[in-house]
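A.B. asks: predicted model and sequence follow; I will ask about them next.
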Amino acid sequence: MSRLRPYLLIFPACLVLGAFIYWPILYSIWLSVHRWDWLMPEPQFVGLQNYTVMLTSAQFQNSLWNTALFTLVSVPPTLALALFVAVLVAPPTRSNRLLRSVYFMPTVMSAVAIGVIFDWMMNSEIGTFNAALRALGVSPVRWLSDPDLALFSLAMVEVWKQFGYAVVIYAAGLQAIPSTLYEAARMDGAGPWRQFWDVTFPLIMPTTFFLLILSVINGFQVYTFVEVMTQGGPARATEVILYYLIRVGFEASDVGLGSAVALFLFALLIGITILKAATIGRKVHYGYD
């Protein structure tokens, strides 16, 4: 009985993982090689046809490009702005602790609520953004109805939501850098800018890489802002891969193709996660030999 005890203890966890993670993955793999909609009595085996349709679909390619572009225009500004602010609020003072809490608040807010608020603020007619532009004598901007601008507007909202999390992580990383390194740099005549480039920036790189990988994963999973603010429009300019998956798999009832898209996204995120696991273990040694 004592030999079976460890297995009995982990059995409930394995049962939950199997029911809610492993079985759905295996079932999705099975569905991805079948053609099935909600009206068909039984799925029809089609082999890799769903994957061929997916990879050659102009709509899928467009959604993949939109997702990559969204990630590209949202991640670098988030990290750059967060690092700049983190340098200012890293010292452990009472006011800085309060500021870090304020910056972190959007991270824990509902994405739906944020989307609704910014959808109103970016409204072409009554939004506060255009009201401010009119007050400055600038022509209103079609933030969400211009195909060339809508995706960048969503990226702005993403930056606003994720910025605070990056600030907190950066601040923790900055506080871990020994003050003796800055003292040595000052003794060598380095000013604040030189201290940042020669001390802060190299030693904060592991934190930057961690945030980069995490932000890329979040970027490829964006959905809520698209659903709430643009519904993939205008002219599919903001249709990202997860929105395309929902539209194909549920609205168009093409379960097989939707499963193929889901597995493609799953494999992509697993690849990014493996990259993170393989490289995030790099450490920085702060001591002296």
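C.D. replies: Yes, it's here.
A.B. asks: isn't there a helix covering Thr200?
C.D. replies: Yes. Counting by DSSP: H, G, I helix; E, B strand; the rest coil, Thr200 is part of a helix.
A.B. asks: pretty sure it sits against Ala176.
C.D. replies: No. The criterion here is Cβ atoms under 8 Å, and Thr200 misses it with Ala176 at 11.4 Å. For the C-beta atoms, the positions are set from N, CA and C on the backbone; glycine is no exception.
A.B. asks: which of those two has more residues huddled nearby?
C.D. replies: Each of Thr200 and Ala176 has its neighbours counted (other Cβ atoms under 10 Å); Thr200 has more, 21 against 13.
A.B. asks: quick one: the more buried one from Leu83, how far?
C.D. replies: Thr200 is 9 Å from Leu83, where distance means Cβ to Cβ, to the nearest Å.
A.B. asks: now do stretch 132-142, average pLDDT.
C.D. replies: Averaged over stretch 132-142, pLDDT sits at 93.
A.B. asks: dump the C-alpha coordinates for that stretch into CSV.
C.D. replies: Extracted in CSV, the C-alpha atoms of stretch 132-142 (Å, rounded to 0.1, in the frame of the first residue of the first chain):
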residue,chain,number,x,y,z
ALA,A,132,-8.8,66.7,-27.6
LEU,A,133,-7.5,66.9,-31.2
ARG,A,134,-10.3,69.3,-32.1
ALA,A,135,-9.5,71.5,-29.1
LEU,A,136,-5.9,71.7,-30.5
GLY,A,137,-7.2,72.5,-34.0
VAL,A,138,-6.2,69.1,-35.4
SER,A,139,-8.5,67.1,-37.7
PRO,A,140,-10.3,64.1,-36.1
VAL,A,141,-8.7,60.7,-36.6
ARG,A,142,-10.7,57.5,-37.5
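A.B. asks: neighbouring contacts of that stretch?
C.D. replies: 124, 129-130, 149 (Cβ atoms under 8 Å, 6 or more residues apart in numbering).
A.B. asks: so which strand or helix has the residue sitting nearest the centre point of the chain?
C.D. replies: Closest to where the C-alpha atoms of the chain average out (Cα atoms, centre = their mean) is Asn218, at 1.6 Å. Assigned by DSSP states H and E, Asn218 falls within helix 205-220.
A.B. asks: run a quick neighbour tally on Gly249.
C.D. replies: Neighbours around Gly249, by other Cβ under 10 Å: 19.
A.B. asks: strands of this structure, residue ranges please.
C.D. replies: Using DSSP state E, the strands assigned to the chain run over residues 34-35, 44-45.
A.B. asks: just those: most buried one?
C.D. replies: Highest mean neighbour count among these (mean count of other Cβ atoms under 10 Å): strand 34-35, with a mean of 18.
A.B. asks: what helices or strands is it leaning on?
C.D. replies: Strand 34-35 is packed against strand 44-45, helix 49-56, with contacts defined by 3 or more Cβ pairs under 8 Å, 6 or more residues apart in numbering; DSSP states H and E.
A.B. asks: quick one: Gly256 from Ile241, how far?
C.D. replies: Separation of Gly256 from Ile241 (Cβ to Cβ): 17 Å.
A.B. asks: who's more crowded, those two?
C.D. replies: Neighbours per residue (other Cβ under 10 Å) separate Gly256 from Ile241, with Gly256 holding more: 27 against 24.
A.B. asks: wait, the more buried one sits on Trp38?
C.D. replies: No. Using Cβ under 8 Å as the test, Gly256 is too far from Trp38 to be in contact (11.9 Å).
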